[in-house]
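1. Sequence below, structure please.
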Amino acid sequence: MLLSDLLLLDIETVPQSASYDQLEPAWQLLFCEKISKTVPEPYDPAEKYREKAGILAEFGRIVCISAAFFHTDESGATTLRLHSFSGDDEVEILRNFADLCERIDQLRPQFQFAGHNIREFDIPYICRRLLINRLPLPACLQLHDRKPWEVKMFDTLNWWKFGDHKNYISLHLLASVLGIPTSKTDMDGSRVQEVYYREKNVPRIVDYCQKDVVVTANIVLRFLSMPMLTAEQVVVI
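-> Sure, this is the predicted structure:
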């Protein structure tokens with residue numbers, strides 16, 4: 001595997017509506033039916049909506065996708081080139097990301113998605129939101145009928161499991177134990193919806209998302225026993 005074959009990514013999501021009360025009654029019922037499978041009763045639907053709606057593709061939406069790839073120039077210098085698709089228009093975000101995937105698939109058919117927990121969260125979420133928004137799935141995201149070993153992803157969560165399927169580790173903890181500067185400062189994933197709906201500060205969400213991608217890139221380099229990136233090696237395009 002070459003570093004240049006990796007497309008690193010991270011997504012930030014929010015609930016479809018700012019609060020449970022803003023949902024239509026039929027969708028309130030659907031949400032309660034969905035979480036009743038995993039949340040013991042009694043529970044407050046409004047509180048559970050705030051906690052869980054953003055991470056459920058049926059009730060959430062994407063407000064940012066940050067993607068990056070390693071680039072090595074003729075002198076041998078390596079940089080991480082970052083680009084984000086963000087805003088209030090999820091269809092535009094998804095369409096632009098799908099176009100990026102198709103271009104990379106044509107240029108480097110052997111490329112792999114890379115990220116933390118992308119196999120269980122980011123990639124399935126993107127695919128589901130593409131379908132919900134009636135957008136075509138790029139060939140590289142048509143994963144529904146592939147066997148597990150046919151889906152190639154560099155998932156840092158799976159790497160850290162080392163075959164222990166019961167293990168889960170957050171990106172923040174994994175970075176911390178490996179001695180990698182973390183992206184968690186005054187913001188974490190639980191605050192994204194607050195920053196989006198209350199502060200209406202999409203650039204702050206983009207900055208946070210891009211930092212997560214850089215952290216993941218450094219974890220990948222650490223796994224491969226390579227030097228971590230310096231600030232000068234990270235280029236936002």
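
2. export the strand ranked longest in the chain as PDB, just CAs?
-> Looking only at the chain and at elements set by DSSP state E, the strand with the highest residue count is strand 60-72. The C-alpha coordinates for strand 60-72 follow below in PDB (Å, rounded to 0.1, in the frame of the first residue of the first chain):
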ATOM      1  CA  GLY A  60     -29.400  13.400  10.500                       C
ATOM      2  CA  ARG A  61     -27.500  15.100   7.700                       C
ATOM      3  CA  ILE A  62     -24.000  15.900   6.700                       C
ATOM      4  CA  VAL A  63     -22.800  19.500   7.100                       C
ATOM      5  CA  CYS A  64     -19.100  18.900   6.400                       C
ATOM      6  CA  ILE A  65     -16.900  16.300   4.600                       C
ATOM      7  CA  SER A  66     -13.200  16.900   4.900                       C
ATOM      8  CA  ALA A  67     -11.000  14.900   2.600                       C
ATOM      9  CA  ALA A  68      -7.200  14.700   2.200                       C
ATOM     10  CA  PHE A  69      -4.500  12.900   0.300                       C
ATOM     11  CA  PHE A  70      -0.700  12.600   0.700                       C
ATOM     12  CA  HIS A  71       1.300  14.200  -2.100                       C
ATOM     13  CA  THR A  72       5.000  13.800  -2.700                       C
END
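
3. Pull the residues that contact the next helix-or-strand element following that strand.
-> Using DSSP states H and E, the next helix or strand after strand 60-72 towards the C-terminus is strand 78-86. Strand 78-86 is contacted from outside by 3, 8, 63-73, 92-93, 96-97, 100, 202, 205-206, 209-210, 213-214, 217, 229, 233-237, using CB atoms under 8 Å, 6 or more residues apart in numbering. To be clear about C-beta, it is placed using only N, CA and C from the backbone, and glycine gets the same treatment.

4. repeat that with 7 Å
-> 63-72, 93, 96-97, 202, 205-206, 209-210, 213-214, 217, 229, 233-237 (CB atoms under 7 Å, 6 or more residues apart in numbering).
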